[in-house]
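Visitor: Okay, predicted coordinates and the sequence, questions at the end:
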Amino acid sequence: MHLEVCGDKFDSRELRNVLGCFGTGVTVVTTLDAVGRKVGLTANSFSSVSLDPPIVLWSLSKQSKSLEAFLHCSRFVINVLSMDQLPLSNQFSKAAEDRFAGVSTSKGLGELPVIDDCAANIECKAISSQEVGDHILFLGQIERYNYLKKDALLFCNGNYAKAVQV
Ligand SMILES: Cc1cc2nc3c(=O)[nH]c(=O)nc-3n(C[C@H](O)[C@H](O)[C@H](O)COP(=O)(O)O)c2cc1C
């Protein structure tokens with residue numbers, strides 16, 4: 001069915017549906033707060049922006065409890081989840097006393113938590129943040145990365161998915 005909607009005020013459910021047609025990977029973005037506590041949340045807004053210099057972006061809801069930590073951090077890590085890490089996507093998108101409980105991490109640049117066994121870990125220097133509507137857009141310059149040849153977890157139309165080569 002072809003459905004075309006045009007206007008300046010959209011139904012938010014419909015807007016989520018249309019934007020959800022664009023499949024993405026799933027990341028957990030991590031940093032440390034002002035007192036050195038680990039902070040992290042699930043985010044699929046991650047995208048690459050520039051190769052030279054290597055710059056990436058992601059966006060965080062202004063409602064996020066992690067907002068202060070990310071506004072004041074000098075670095076963050078994009079942990080790209082693999083298929084077998086699907087439970088981590090749920091763990092890092094729900095409220096919990098300690099989201100890092102049971103999660104194996106290593107210390108990255110600036111002692112930041114880097115989640116082990118991800119499809120990729122991308123360590124970034126925070127270079128700018130900008131308020132855009134109900135989110136804050138963060139840009140980071142890649143300082144270091146590693147990746148494993150693991151199947152990445154995908155997210156499309158509100159469901160987790162796996163990539164099938166065509
Ligand atoms: C697949 C998936 C992708 C998500 N992507 C984002 C995102 O890009 N930005 C965001 O702010 N929240 C995103 N969320 C929601 C946050 O993970 C969720 O609201 C989390 O509880 C925020 O934690 P905080 O309030 O402790 O920061 C996503 C959730 C899921 C399940």
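Guide: Arrived safely.
Visitor: Strands of the chain, start to end?
Guide: Along the chain, the segments classed as strands by DSSP state E run 24-25, 27-32, 38-43, 47-51, 54-61, 75-80, 105-107, 113-115, 120-132, 135-147, 153-156, 159-162.
Visitor: Between the ones you listed, which one is closest to residue 99.
Guide: Taking C-beta to C-beta, strand 38-43 is the member of the strands of the chain nearest to residue 99, at 5.8 Å. Every residue, glycine included, has its C-beta placed from N, CA and C.
Visitor: Quick one: low-confidence residue ranges for this protein.
Guide: Regions of the chain meeting the criterion pLDDT under 70 cover residues 1-2.
Visitor: Find the residue at the geometric middle of it.
Guide: Residue closest to the average C-alpha location in the chain (C-alpha atoms, centre = their mean): residue 43, at 3.0 Å.
Visitor: quick one: contacts for that one?
Guide: 27-29, 58-60 (C-beta atoms under 8 Å, 6 or more residues apart in numbering).
Visitor: Just among those, which is most surrounded?
Guide: residue 27 (30 neighbours; other C-beta atoms under 10 Å).
Visitor: partners of that residue in the sheet?
Guide: The residues listed as beta-bridge partners of residue 27 by DSSP bridges are residue 43, residue 80.
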